[in-house]
Each structure stands twice: as C-alpha cells, then as structure tokens.
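In: Structural data only, the sequence is not supplied:
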C-alpha cells in the first residue's frame, strides 16, 4: 500500500492514561507507534507513566509525561494545535476530547463505563458524539455493541498478532515439572473480567477424570478476586494442581503455551483479544466463551464454537483428549488456521487501517 507515504505529513498525538503494565492494550499502541516511526510518521505519546519494558520497545517516539489525568487534560489543551490528529486510547482519555477541535480519533478497545456500571452515562455519550470524529473498534462484536451504546458508527481494525514470535519452534523449559501432566492454561489478569474463577470450576470437573491434571494461571493477581480464588482452591485441596505464575515476559508465555494441552478463555466481553490467536499460532487448541469479542473471527478461521456452560467446556476438552488417543491430533488441523493468522492478523495491516481512517 502507498498509505504510509500518503500520511507521512501527519503529526499524531496519542493519549493513554498510563503504561503500568505491558498487556494487550499497551502492545497495540507500541506496535502502531513502531509502524509510524518506521514510516517516518511523527507520533507523540502523552501519558502519566510508562514502565521500562514498554519504553524500550518504542522507536523514535516522543514522550510527554504528566503527573495525573487532570494535568494530562490541561497539557492537551496547551499543545493540541501542534498536531493534525489526536488519537485517544484507553478510558477515560476520550472524555478529554471535550472542546478539542482537532481531528479526534478514539480507539475503543472496550466501552469501560458499560463494563463497570452496566450503562454509559449521558455525559460520556454527549462528549463522544459531539467531539469524537471517528471511532475504531477491533471486531464486529464491538462494532455492534458500540452502535447500541452510543448510537454512533465505528470502523473495524483487527489487531495484529506476533505470529513469527509465537509460532517459532522452541524446546520448552519445564520449570513447573508438568511435562507428564495434562495441562490447561489461561493467560490474563486474575480478575472478574477474565472469569478466572469459572476457569477453575471447569478445571475441577476435569480433575474428576484426570486427577493429576494441572491448571496454569498466567498473569497479574488482582485483589480481592485472586485471594478469594486461592482460598477456594486451598479449601478444595487442589493447590497442588494449580500454578499461579504472576506476571511473566512474553518468552515465558510462549514457553508455557508449548507445555500446554488446552487453553481456556471463558472471558467476559473485555480484552483478552490477542491471547487465543497467540495460542493458536503456537498450535494449542483454544476454547472460548460466547462473550469473547473476536468470536466471529475464531469461528471463521479456526472453526471454534464458543460455549457457555461448564459441561460444554469439559466436553470439548474430553473430545480433544479422545482425538489425541485416536491419533487424530487436532493441532494438525491448525495449519490453515495459522496460515490465515499469519497473513491477515498483522500489525502492518492494523496500522495501515488506522492511518487510513485518520486521513
């Protein structure tokens, strides 16, 4: 595409509340900034904080730090005229568009007010409808939901996947001593939106037939939810079967995937967009909930049917085990799925689409 050259004149100011962790939302921003820098598009990030892991991955990206969100809003009002596009990312940045006359673009990863409150306040709708020019969402689910909540159209830009990184063949390091076990993994915060307690309930059913199975929960523990889950696991006497890894780097996530038989993602309609596709890139079967927002892509690409009930997840797991015993390794059928991910879910395509919307 000639797109990058067409927009090389643009100066973009990207707003994000903070980079206190290097999760999926942060990776989306980093990959976009890297693309812009590689194509000589000027981009500046305005934020309150940034961990070194994120900072080290940014190339020729100007950074402006402020002490808190009110100061961020004040700085925006002082400098917005120096930029062609203001690119609002995670909530509540979209509210800072109030009164700003630039071209205002909002990357709405999820409607945070709706997830927190169950509705979108009128003030939020008013600001978004009056001051946001275009909204970008990741998939059809989010596009439909955004229309219902804000009565406003949006455009889809599927996120990219670091396919080459995750598909790379490695010899996994079995630091958890699980190589001989049947391993179920979930990647993401230990948090209500990730539905981690539900994952454990599924795992308890699996233990009835596979008593030496292991559950690996990868990600930061958010209290009090994580503590409640730990207490339940201890009460059930299953602590020996469950591993909490805490925050790990991407190399370790890939390592764990390579030790995993099945990935469970019974998430609610927030985040976790990248993880299932990363697992498939490794070659691991993934079972997701009907609330997973990229379910339409998974259905089309990997023929994965989202489910709801514990029994449905357990049946899918046992069906997978049966296929393995019959010598019909389900990962063999993933070759076409992986090929589609490699060709279609790229950061170049995501970034080109975002810049096209900004033009």
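Out: Thanks, I have the structure now. Predicted model, so just to flag it, every value in this text is computed and none were measured.
In: domain parsing for the protein?
Out: Domain assignment of the chain by automatic domain parsing yields the ranges 3-156, 163-343.
In: lowest-confidence stretch among those?
Out: Looking at the domains of the chain, the lowest mean pLDDT belongs to domain 163-343 (a mean of 90).
In: Quick check: end-to-end length of that one?
Out: With CA to CA, to the nearest Å as the measure, domain 163-343 spans 9 Å from end to end.
In: how about the domains of the chain in TSV, adding mean neighbour count and distance to residue 352?
Out: Bear in mind the C-beta positions are built from the backbone N, C-alpha and C, glycine included. Below are the domains of the chain laid out as TSV (neighbours: other CB atoms under 10 Å; distance: least, CB to CB, whole Å):
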stretch	mean neighbour count	distance to residue 352
domain 3-156	17	5
domain 163-343	18	14
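In: and of the ones you listed, who's closest to residue 359?
Out: domain 3-156 (5.9 Å; CB to CB).
In: distance between the closest one and the chain's centre?
Out: 16 Å (CA atoms, centre = their mean, to the nearest Å).
In: ditto for stretch 314-324
Out: 26 Å.
In: The domains of the chain: which one's closest to residue 355?
Out: Closest among these, using CB to CB: domain 3-156, at 4.9 Å.
In: Would you map the helices across the stretch 201-350 of the chain?
Out: When secondary structure is read from DSSP state H, counting those that start in this stretch, the stretch 201-350 of the chain shows helices at 225-236, 250-257, 274-282, 295-302, 310-325, 335-344, 347-358.
In: thinking again about what came up before, closest to residue 356 out of the domains of the chain?
Out: domain 3-156 (5.8 Å).
In: how close does the residue nearest to residue 60 when sequence neighbours are not counted sit to residue 335?
Out: Excluding the flanking residues, the one nearest residue 60 by CB to CB, 6 or more residues apart in numbering is residue 37, at 4.3 Å. Residue 37 sits at a distance of 34 Å from residue 335 (criterion: CB to CB, to the nearest Å).
In: mind listing the helices for the stretch 1-150 of the chain?
Out: Using DSSP H, counting those that start in this stretch, helices in the stretch 1-150 of the chain cover 3-6, 24-38, 52-57, 69-79, 112-117, 122-131, 140-150.
In: would JSON lines of these with distance to residue 165 be doable?
Out: Below are these laid out as JSON lines (distance: least, CB to CB, whole Å):
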{"stretch": "helix 3-6", "distance to residue 165": "23"}
{"stretch": "helix 24-38", "distance to residue 165": "11"}
{"stretch": "helix 52-57", "distance to residue 165": "13"}
{"stretch": "helix 69-79", "distance to residue 165": "32"}
{"stretch": "helix 112-117", "distance to residue 165": "29"}
{"stretch": "helix 122-131", "distance to residue 165": "35"}
{"stretch": "helix 140-150", "distance to residue 165": "25"}
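In: Mind listing the residues bridging to residue 183?
Out: residue 214 (DSSP bridges).
In: how far away is it from residue 87?
Out: Distance from residue 183 to residue 87, by CB to CB: 40 Å.
In: element containing the residue nearest to residue 129 when sequence neighbours are not counted?
Out: Once flanking residues are discounted, residue 129 sits nearest to residue 152: 6.0 Å by CB to CB, 6+ apart. Using DSSP states H and E, residue 152 maps to neither a helix nor a strand.
In: For residue 152, list the residues it contacts.
Out: With contact set as CB atoms under 8 Å, 6 or more residues apart in numbering, residue 152 has these partners: 128, 129, 132, 135, 146.
In: how does it look with 10 Å?
Out: 106, 125, 128, 129, 132, 134, 135, 146 (CB atoms under 10 Å, 6 or more residues apart in numbering).
In: Kindly report the same for residue 313.
Out: Counted by CB under 10 Å, 6+ apart, residue 313 has contacts 184, 198-199, 201-203, 205-206, 262, 264, 266, 287-289, 307.
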